[in-house]
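Participant: Based on what follows, work out the 3D shape:
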Amino acid sequence: ANLATVYLMLRAEEGKKGYYYPAFLCANLAFFIRSTGIALIGAVLFYLIARKKFRESLIFLGIFLALFIPWQIRNSHYSQAGGYLDQFFAKNFYQPELGRIGVADFLGRIFYNFRLYFFTILPQSLFSSIAASWLFFLLGLVNLGLLGYGFFIRRREWSIFEFFLIFGLAILLVWPEIWS
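Facilitator: Okay, here's the model as predicted:
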């Protein structure tokens, strides 16, 4: 559903406006299937707004809310346990007695995940034969530099890809440490 949304959005931007509506439906489908769909909803909405496609952004938002609100009502009526946000804002979902996170905990989560993803997971994924942790740090800095440079040189022509990457990274950074 994520790839279909990106593909259909790119086709719509080529002048084939009829592709917006299936893209909107795929983005909503992705939202209900995987957590990356949360990033996709934000990416599509902000991409449309950035491109000054206000009519399409309102239609997209309307479709999203038309599907999301009944689902939330249904969940609040039938759910016995706390919802997804309760799990997300818990200090540790597996130890509910620890309570919910505060602002300092939330900022700590972002910092922890930033270090984890940019200086451990990404370098290990790209260069699995390297074992020295100091090299992971160096490679993380290089990756961040290249990412920043790429965003900078394309700043006037961002596509749905850049928006999806930004929102996807945001989801990774705020993700509970216990699930990272």
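
Participant: for stretch 120-133, which positions count as buried?
Facilitator: 121-123 (16 or more other CB atoms under 10 Å). Where you see a C-beta, it was placed from the backbone N, CA and C, and this is true even at glycine.

Participant: low-confidence ranges in this protein?
Facilitator: 80-84, 180 (pLDDT under 70).

Participant: hmm, 80 instead?
Facilitator: Counting by pLDDT under 80, the chain contains low-confidence residues at 75-87, 93, 130-133, 177-180.

Participant: Neighbours of residue 28, how many?
Facilitator: Number of residues near residue 28 (other CB atoms under 10 Å) recorded here: 22.

Participant: Mind telling me what element it is part of?
Facilitator: Assigned by DSSP states H and E, residue 28 belongs to helix 20-33.

Participant: just to revisit the earlier point, would you list the buried residues of stretch 120-133 in JSON lines and tack on distance to residue 148?
Facilitator: Converted to JSON lines, those look like this (distance: CB to CB, whole Å):
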{"residue": "121", "distance to residue 148": "18"}
{"residue": "122", "distance to residue 148": "14"}
{"residue": "123", "distance to residue 148": "16"}
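
Participant: And those, which is closest to residue 104?
Facilitator: residue 121 (24.0 Å; CB to CB).

Participant: Pull up the gap between that closest one and residue 95, please.
Facilitator: 24 Å (CB to CB, to the nearest Å).

Participant: same thing with residue 77?
Facilitator: 28 Å.

Participant: who has more neighbours, the two?
Facilitator: Taking neighbours as other CB under 10 Å, residue 77 and residue 95 compare with residue 95 leading, 10 against 7.

Participant: dump the residue contacts of residue 118.
Facilitator: 140, 143-144 (CB atoms under 8 Å, 6 or more residues apart in numbering).

Participant: before we move on, what SS does it have?
Facilitator: helix (DSSP: H, G, I helix; E, B strand; the rest coil).

Participant: That one and residue 42, how far apart?
Facilitator: With CB to CB as the criterion, residue 118 and residue 42 are 20 Å apart.

Participant: what does residue 170 give?
Facilitator: Relative to residue 42, and taking CB to CB, residue 170 is found at 8 Å.

Participant: ok so, going back, out of the buried residues of stretch 120-133, which is nearest to residue 57?
Facilitator: When the buried residues of stretch 120-133 are compared against residue 57 (criterion: CB to CB), the nearest one is residue 122, at 31.6 Å.
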